[in-house]
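**Q** I would like the atomic coordinates for the input below:
(chains A and B)
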Number of protein chains: 2
Amino acid sequence: MPVETIAWKNSRIRYIDQTLLPGRVKFVDCASVPKLWRAIKRLEIRGAPAIGIAGALGAALAANNSKAKDSRALIRDLRRDIKYLASSRPTAVNLFWALAKMECAAEENVYKPVAAIKKLLLNEALKILADDKRSCRTMARYGAGLVAGGDTILTHCNAGGLATADYGTALGVLFESKRLGKRIKVYADETRPLLQGARLTAWELLHEGIDTTLICDNMAASLMAKGKVDKIFVGADRIAANGDAANKIGTYSLAVLAKHHGVPFYVVAPVSTFDLNLKTGRDIPIEERDANEVRTVMGKMVAPKNVKVYNPAFDVTPNELITAIVTEKGIFRAPYARSLKRLVKRL
Amino acid sequence: MPVETIAWKNSRIRYIDQTLLPGRVKFVDCASVPKLWRAIKRLEIRGAPAIGIAGALGAALAANNSKAKDSRALIRDLRRDIKYLASSRPTAVNLFWALAKMECAAEENVYKPVAAIKKLLLNEALKILADDKRSCRTMARYGAGLVAGGDTILTHCNAGGLATADYGTALGVLFESKRLGKRIKVYADETRPLLQGARLTAWELLHEGIDTTLICDNMAASLMAKGKVDKIFVGADRIAANGDAANKIGTYSLAVLAKHHGVPFYVVAPVSTFDLNLKTGRDIPIEERDANEVRTVMGKMVAPKNVKVYNPAFDVTPNELITAIVTEKGIFRAPYARSLKRLVKRL
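**A** Okay, the predicted model is just below:
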């Protein structure tokens, strides 16, 4: 793994500020919940699993910072901060999943003294982090079984170490394939507007010595028409009970193009990304972000200042365009409404 | 029309440097063929029809600048400079079409004195420019017949006034629709890597008071899935005898997405864009441009310096994805191999 994306150090959350990559690798020590909220909002920390971990560590930090004298007051403080952290970004369900786990852990132990609750909350957060590491490795092993030597693989956005506590979801599959000695080539979509593919994915892949070519998002179709893409692997931010998957804007576009060109399209995500309360992807809330993310690139204005902008951060890929979903509990295929019921049984 | 893109003024070519838009409107007076070559190469002048006009005016400039004492020497100089100008960019056929017209005009008149040949070459170039203006207006009228009041239209790259001598090909259709009182909304793809959609198309559309929303290229599919795109209009850089059309990279991607979502996909181009010598789009040479166009945006590095890049400037949309091709000689539909034979008869 190139870098430790997020960790607990000296009672603070240490994270790498991903907005500065690849130009600068800057670690930030975060000691306050509002600062963490801003880091998630601004995408200093990003990637669905990493946001979940940030939420868990944030709840531990919130408890740690609380001046409450008794456990009920502590839980009141915790609930307030959890609600606040949950307002940072709406789409990746891992955040709400992790925050709910933390809230339950506190509530189940309300009869314990304040110091004990603080300690067990930290342990719970560190367990979520450790579980994510393990999940990455397991998903990578399952996913690598879908990769053949000589494959050229296209990926979108960043589903790598920077999006998780370990070496990623979709990129984990590629790292594991490489480790197993499979010769692969990767095309990375740059992923406008915030260029996570150019800035983060290209950086991670090169760091691991993988043959990487950067393209603009609008070039993927042309590569597929030339038969230059064997498989597509992407991550996800929320997956509904029918297998519809929200992921970074542009993913749905790739899935349609993949279908047209007969290219297998794989989603790689841990079970914390599933929201089985939602019947379909239509119910997934899609974050719309600031217009200036599109009007500017790295702070430079590239369009008329007064032009209107549509800037959804995610889109939803319907299940019928997904060849398989790779999780740490196995690989799931259509019909997803049925296969994902098996997933529930394994949870 | 917002601006005079290219013109002949005081024995020089006056053009607007499109690399500086929308931040700065700078007119350049170009008195030398090498300077013009560089302006085309660097996309200071761009858009297939505008490149054709630049080539024609460039040939007139070449003749004007020649020190030749007799007409054979003048034509030798002219041929050398025409060959040089033809090496600036390989895909838009309008350049070769215009240069061939200029060369023929000189050769047909080799028996005339030097001054007369220089004069008739300038007249020929100005006729190509005037014809393009007329063609724009005629295409716009034909195309506007395909637009209904209330339509929301998606366009890619810049096929507007800046790409022609008048108000454009695809954008001309939109300007004419507006003039006719049809209420339209337009989504403009930003068009990475060089952002002609963000920088040029958004600027032109706003200038004409058209309701315009800028999106990243990877957002178009998501809009189509929501039923928010009624029609797509794009330009072209070269069209083969079977109707396959090369246009800015990302156009093919839109065409596949349009087919998947049942959205009509129209190409608007003057007959100077047709290369009926080519049976199919497979024979169209596709320019690959410098890797740093993708690694950087407006001069800022956005990716690891050492990452490989694939940067084709164009892609080819196969005829079966094109609903109709709008030209100044009428609207052509599938089967194109047959309908375009009618076009030949009208030339």
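
**Q** CA atoms for contacts and neighbours, from now on please.
**A** Will do.

**Q** my read is that A:L257 contacts A:A221, right?
**A** Yes - in this structure, A:L257 is within contact of A:A221 by Cα atoms under 8 Å, at 6.2 Å.

**Q** of those two, which one has the most company?
**A** A:A221 (29 against 25; other Cα atoms under 10 Å in any protein chain shown).

**Q** leaving out sequence neighbours, find the closest residue to that one.
**A** B:S253 (5.1 Å; Cα to Cα, 6 or more residues apart in numbering or on different chains).

**Q** what is the longest helix of chain A by residue count?
**A** Under DSSP state H, the helix in chain A containing the largest number of residues is helix A:114-144.

**Q** please enumerate the shared neighbours of A:L257 and A:A221.
**A** B:S253 (Cα atoms under 8 Å, 6 or more residues apart in numbering or on different chains).

**Q** so what does the residue nearest to A:F27 when sequence neighbours are not counted have for phi and psi?
**A** Among residues not flanking A:F27 along the chain, A:I16 sits closest, at 4.4 Å (Cα to Cα, 6+ apart). Dihedral pair for A:I16: phi -90, psi 130, per degrees, to the nearest 10.

**Q** A:I16 against A:C30, yeah?
**A** No - counting by Cα under 8 Å, A:I16 stays clear of A:C30, with 10.5 Å between them.

**Q** which one of those two has more residues nearby?
**A** Between A:I16 and A:C30, counting by other Cα under 10 Å, A:I16 is the more crowded of the two (22 against 19).

**Q** how about the residues of the stretch 1-150 of chain A by chain B?
**A** Within the stretch 1-150 of chain A, the positions near chain B by Cα under 8 Å from any Cα of the partner chain are A:22-23.

**Q** so where's the stretch 1-150 of chain A shaky on pLDDT?
**A** For the stretch 1-150 of chain A, applying pLDDT under 70 flags the ranges A:1-2.

**Q** in it, what residue is nearest chain B?
**A** Residue of the stretch 1-150 of chain A nearest chain B, by Cα to the nearest Cα: A:P22 (6.3 Å).

**Q** so A:A165: helix, strand or coil?
**A** coil (DSSP: H, G, I helix; E, B strand; the rest coil).

**Q** these two touch, right, it and A:L129?
**A** Yes - using Cα under 8 Å, A:A165 is in contact with A:L129, at 6.2 Å.

**Q** so what sits against both of these two?
**A** Counting by Cα under 8 Å, 6+ apart, the residues touching both A:A165 and A:L129 are A:I53.

**Q** pretty sure the residue of the stretch 1-150 of chain A closest to chain B is in a helix, no?
**A** No - using three-state DSSP, the secondary structure at A:P22 is coil, not a helix.

**Q** so how far is A:K279 from it?
**A** Taking Cα to Cα, to the nearest Å as the measure, A:P22 falls 39 Å from A:K279.

**Q** those two: who's more crowded?
**A** A:P22 (20 against 16).

**Q** what's near enough to touch the more buried one?
**A** Contacts of A:P22 by Cα under 8 Å, 6+ apart are A:199-200, A:203, B:302-304.

**Q** let's see 10 Å
**A** A:196, A:198-204, B:301-305 (Cα atoms under 10 Å, 6 or more residues apart in numbering or on different chains).

**Q** now, these that are in helices?
**A** Short answer: those in helices (DSSP H) are A:196, A:202-204.
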